[in-house]
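Novice: I would like the atomic coordinates for the input below:
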Amino acid sequence: QVQLVESGGGLVQAGDSLRLSCAASGRTFSNYATGWFRQFPGKEREFVAAIQWTAGTTYYQDSVKGRFTVSRDNAKNTVYLQMNSLKPEDTAVYYCAAKFWIATMSADDYKYWGQGTQVTVSS
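Specialist: Numbers count the residues shown, from 1 in each chain. Below is the predicted model of the structure:
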């Protein structure tokens, strides 16, 4: 069993940065892929970014490429999402999720989920 806890959300202005953290407990992230998803009101969760824990390979949704960076800290068993040049359309609840082995872009593939953290970007 993996428990995930996100932190780092908040209210910022357009152009600002935020760093979200996803700390895992119960089991290490070894051999797991971690994804970041976001959910707009009334919408399905959409893929934002993912990182393959072992190889460190990263994947991004096109709209965040060049602005968001996903990374991991093995010693802290934590995954980060650095979000730069934030836009009002990035406003959403952000979730981290974990699945065994291979990273995918489908929320349905992920077994473990955090509680979510709100990111609000004002114009």
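Novice: Only the C-alpha atoms, please, for the strand or helix carrying Thr34, written as CSV.
Specialist: When elements are defined using DSSP states H and E, Thr34 is found to belong to strand 32-39. What follows is strand 32-39, C-alpha atoms only, in CSV (Å, rounded to 0.1, in the frame of the first residue of the first chain):
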residue,chain,number,x,y,z
TYR,A,32,6.7,2.9,-9.5
ALA,A,33,5.8,5.6,-11.9
THR,A,34,4.3,8.8,-10.5
GLY,A,35,2.0,11.0,-12.4
TRP,A,36,0.6,14.5,-11.9
PHE,A,37,-3.0,15.1,-13.0
ARG,A,38,-5.3,18.1,-12.6
GLN,A,39,-9.0,18.5,-12.6
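Novice: now that strand, how far from the chain's geometric center?
Specialist: Counting by C-alpha atoms, centre = their mean, to the nearest Å, strand 32-39 is centred 5 Å from the centre of its parent chain.
Novice: Please list the outside residues in contact with that strand.
Specialist: In this structure, residues lying in contact with strand 32-39 by C-beta atoms under 8 Å, 6 or more residues apart in numbering are 2, 20, 22, 45-53, 70, 72, 79, 81, 90, 92-105, 107, 110, 116, 119. Heads up, the C-betas are built off the backbone N, CA and C, glycines and all.
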